[in-house]
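Trainee: sequence plus the predicted model coming up.
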Amino acid sequence: MRALRRLIVGFLAVIGFFVVAFFALGIGFWIVATPGEERLGEANLLSLDLTKPLAEGPPGDGVERLVIGEQMTLRDAVEGLLRAADDARVKGVIARVGDGTLGTAQMQELRDALVRFRATGKFAFAYADSFGEAGSGMRSYYLATAFDEIWLQPVGEVGLVGIRVDMPFFRGTLDKLGVTPRFDHRSEYKTAMNTLTETAMTPAHREETEALLHSVFEQLVHGIAQGRKLEPQAVKALVDQGPFSAEQAHDARLIDHLGYRDDAMEAARSRAGQGAKLVSLLRYLDAAGRPHQSGPTIAVIYGKGLITRGDSSDNPLSGSGILGADTLARAFRAAADDKNVRAILFRIDSPGGSASASETIWREVLRAKNAGKPVIVSMGDVAGSGGYYIAAPADKIVADPATLTGSIGVVAGKVLLGGLSEKLGITWDAVQLGKNAGIDSVVADYSPTEYAHFEQMLDHVYASFKSRVAEGRKLSAEAVEQVARGRVWTGEDASTRGLIDALGGFETALAIAKEKAGIGAASDVTLQTFPPVSNTPGALLARLMGRESGNDDAASAPGALTALRPLLRRFELAAQPPGALTMPPIELR
């Protein structure tokens, strides 16, 4: 017995040793991965890679970060630039630009940060191997025009050809398979189901898409014209002449220099001064310290991904998150109950999702507001349908000009597999108790009674959605109906229709939150994320692996996976539950 006890004690001691060693190793990684301020030189040149995704919100759990690598966030990039703008040790920035997965609204936030950085007299150089390759590169070129100088390698292109939306329709495929989509919507612009029910755009779908393209196109033209000191009409004329070879682009004053990465780097080092140290943006933030670390507390809550019931999670395959109503509800309750929190900044990047989950979050936003905590919404690339539903009760809503928002409507239905089953030789049988028990059956179509209940559900959810918007935005029912009907708007167009209050990014929303909380504009604040970010040893290891001094910041996922993400997100949207407040996927290229 005594021997057995010694054996158990010894076994536990070994386990304890490894646990302590594991955490000690994590602490060691933290120390190594977080250089002190003395590691910054007297002259520093910041580097960053803007061809890679920028995450919305804090990183995922340690395991995900260990497997995929740490991903720079949009806030990292913006805060790094703003912190460096006032740091005399930073002389300039050099960034890789070109084809990537950044959203247009993200680009606008980066451009705003670059404008503020350059306004202090510092330089910003951009280099690219190509802006599109035998294709469109207008959006990535738009980002590049925020820099002082653009370098392009000699065998490269400027795909200044305009923007386009390609929308796949699967109705023909479903017909061949014997699959019958049975959906309905409120109202004609609610087109999330159209890829399954139609073979081409409906008139309303086309009208909506053309309006979105026109709004974003004008924004891109204006930004390019401003950055390259050209007239907007001249930019539009160049669009119709593109794409351009590197030499043609240089002759048209679209770029400043023909050269490779090392040429651009040498020019930037020369401009920064002899002995300037190349430091990645994330390394710089670690060494210099992030802004917004002192003063009154403002809570930051992120709502990113498809809205569902339950808890939030991340999907590293599609690059999207799951915005869990339970997680968001707990975050709002905690922020509302925290006496130190003066206001709540709610950052939304979501195409919508579950109606009931959206209602849960809506309620908690309203409760926090009624508890005396001003709630300011900052919209990312997308805040549509359920994403707008949860924004509606906020005190103020801020969106970038290219944010896709609105989509006040509902779509619901089911996919019938009877025809496919017959082709595959599958037979079904059923037993039913309850007249309407087959309402969600994938074999039996709606009975007349079931379909009547289905239509009533659509009417109820749509009416509830519009009432939430009318209450939150202080609009009449007639005014809401004019901007609803499922229609998607850009932030710029939404601002003229009473759906948002101001155009801008996170920093604009922060300024409004400070004002609403009675905090002086010049005073700093502490930004506290709710719920707190996980900081496990796995996360620390990922941090070490993802931050190498002087190198471009690490990618968040292999290139092939990144390329597949838009398609995977489409499948996620198609799999939404009945009664979903979901915006159709609209991807500009």
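Mentor: Everything's here; your move.

Trainee: ranges for the strands of the stretch 451-589 of the chain?
Mentor: For the stretch 451-589 of the chain, strands defined by DSSP state E, counting those that start in this stretch occupy the ranges 488-490, 502-503, 526-529, 580-582.

Trainee: what is the neighbour count of I500?
Mentor: I500 has 28 neighbours, counted by other C-beta atoms under 10 Å. C-betas here are computed from N, CA, C, even on glycine.

Trainee: next one: Q226
Mentor: Neighbours of Q226 (other C-beta under 10 Å): 15.

Trainee: SS state for it?
Mentor: Classification of Q226 using DSSP: H, G, I helix; E, B strand; the rest coil returns helix.

Trainee: against Y142, how distant is it?
Mentor: 10 Å (C-beta to C-beta, to the nearest Å).

Trainee: any stretches of the stretch 301-450 of the chain with poor pLDDT?
Mentor: 315-320 (pLDDT under 70).

Trainee: all helices of it, in order?
Mentor: 325-337, 355-370, 386-389, 418-424, 448-473 (DSSP state H, counting those that start in this stretch).

Trainee: just put these in a markdown table and tack on distance to G275 and mean neighbour count.
Mentor: Below are those laid out as a markdown table (distance: least, C-beta to C-beta, whole Å; neighbours: other C-beta atoms under 10 Å):
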| stretch | distance to G275 | mean neighbour count |
| --- | --- | --- |
| helix 325-337 | 46 | 20 |
| helix 355-370 | 51 | 21 |
| helix 386-389 | 48 | 32 |
| helix 418-424 | 69 | 14 |
| helix 448-473 | 55 | 17 |
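
Trainee: now those helices as a markdown table including distance to L114?
Mentor: Putting the helices of the stretch 301-450 of the chain into a markdown table (distance: least, C-beta to C-beta, whole Å) gives the following:
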| stretch | distance to L114 |
| --- | --- |
| helix 325-337 | 31 |
| helix 355-370 | 32 |
| helix 386-389 | 27 |
| helix 418-424 | 52 |
| helix 448-473 | 32 |
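
Trainee: that older thread, so which of the strands of the stretch 451-589 of the chain is nearest G518?
Mentor: strand 526-529 (15.5 Å; C-beta to C-beta).

Trainee: show me what the closest one packs onto, helices and strands only.
Mentor: strand 297-304 (3 or more C-beta pairs under 8 Å, 6 or more residues apart in numbering; DSSP states H and E).

Trainee: the strand it packs on to helix 355-370, inter-axis angle?
Mentor: 170 degrees (axes from the mean of the first three to the mean of the last three C-alpha atoms, to 10 degrees).

Trainee: in its sheet, what does strand 297-304 sit against?
Mentor: The strands beside strand 297-304 in its sheet (DSSP bridges) come out as strand 341-350 (parallel), strand 526-529 (parallel).

Trainee: I'd like the distance from that strand to the chain centre, please.
Mentor: 14 Å (C-alpha atoms, centre = their mean, to the nearest Å).

Trainee: ok and that strand relative to helix 325-337, angle-wise?
Mentor: 170 degrees.

Trainee: OK, contacts around I397?
Mentor: Residues counted as contacts of I397 (C-beta atoms under 8 Å, 6 or more residues apart in numbering) are I376, V377, M379, A391, L499, I500, D501, A502.

Trainee: is the first one in a bridge, and if so with what?
Mentor: According to DSSP bridges, the residues that bridge with I376 are L345, K396.

Trainee: in JSON lines: the strands paired with strand 297-304, plus distance to Q108 and mean neighbour count.
Mentor: Below are the strands paired with strand 297-304 laid out as JSON lines (distance: least, C-beta to C-beta, whole Å; neighbours: other C-beta under 10 Å):
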{"stretch": "strand 341-350", "distance to Q108": "14", "mean neighbour count": "26"}
{"stretch": "strand 526-529", "distance to Q108": "21", "mean neighbour count": "17"}
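
Trainee: now render those as a markdown table, adding distance to D99.
Mentor: Conversion of the strands paired with strand 297-304 to a markdown table gives the following (distance: least, C-beta to C-beta, whole Å):
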| stretch | distance to D99 |
| --- | --- |
| strand 341-350 | 21 |
| strand 526-529 | 31 |
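
Trainee: of those strands, which is nearest L40?
Mentor: Going by C-beta to C-beta, the one of the strands paired with strand 297-304 nearest L40 is strand 526-529, 22.8 Å.

Trainee: coming back round to it: closest one to R261 among the helices of the stretch 301-450 of the chain?
Mentor: Of all the helices of the stretch 301-450 of the chain, helix 386-389 comes closest under C-beta to C-beta, at 38.1 Å.

Trainee: please name every helix or strand in contact with that closest one.
Mentor: strand 341-350, strand 352-354, helix 355-370, strand 404-406, helix 448-473, strand 580-582.

Trainee: go with 7 Å
Mentor: strand 341-350, strand 352-354, helix 355-370, strand 580-582 (3 or more C-beta pairs under 7 Å, 6 or more residues apart in numbering; DSSP states H and E).

Trainee: related to what we said a few turns ago, the contacts of I397, buried ones only, as a PyMOL selection?
Mentor: For the buried members of the contacts of I397, the matching PyMOL selection, counting by 16 or more other C-beta atoms under 10 Å, is:
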select buried, resi 376+377+379+391+499+500+501+502
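
Trainee: now the contacts of I397 as JSON lines including distance to R271?
Mentor: Below are the contacts of I397 laid out as JSON lines (distance: C-beta to C-beta, whole Å):
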{"residue": "I376", "distance to R271": "38"}
{"residue": "V377", "distance to R271": "40"}
{"residue": "M379", "distance to R271": "36"}
{"residue": "A391", "distance to R271": "43"}
{"residue": "L499", "distance to R271": "43"}
{"residue": "I500", "distance to R271": "39"}
{"residue": "D501", "distance to R271": "40"}
{"residue": "A502", "distance to R271": "35"}
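
Trainee: just put the helices and strands packed on helix 386-389 in TSV and tack on distance to D112.
Mentor: Shown next, in TSV, are the helices and strands packed on helix 386-389 (distance: least, C-beta to C-beta, whole Å):
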stretch	distance to D112
strand 341-350	16
strand 352-354	26
helix 355-370	26
strand 580-582	29
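
Trainee: out of those, which is closest to A43?
Mentor: Between the helices and strands packed on helix 386-389, strand 341-350 lies closest to A43; by C-beta to C-beta that is 34.3 Å.

Trainee: now the closest one - C-alpha only, PDB.
Mentor: Only the C-alpha atoms of strand 341-350 are listed here, as PDB (Å, rounded to 0.1, in the frame of the first residue of the first chain):
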ATOM      1  CA  VAL A 341     -16.600  51.300 -17.900                       C
ATOM      2  CA  ARG A 342     -17.700  54.700 -19.200                       C
ATOM      3  CA  ALA A 343     -18.900  53.600 -22.700                       C
ATOM      4  CA  ILE A 344     -19.100  50.600 -25.000                       C
ATOM      5  CA  LEU A 345     -17.600  50.500 -28.500                       C
ATOM      6  CA  PHE A 346     -19.300  47.700 -30.400                       C
ATOM      7  CA  ARG A 347     -17.300  46.700 -33.500                       C
ATOM      8  CA  ILE A 348     -19.500  44.700 -35.900                       C
ATOM      9  CA  ASP A 349     -18.400  42.700 -38.900                       C
ATOM     10  CA  SER A 350     -21.200  40.300 -39.700                       C
END
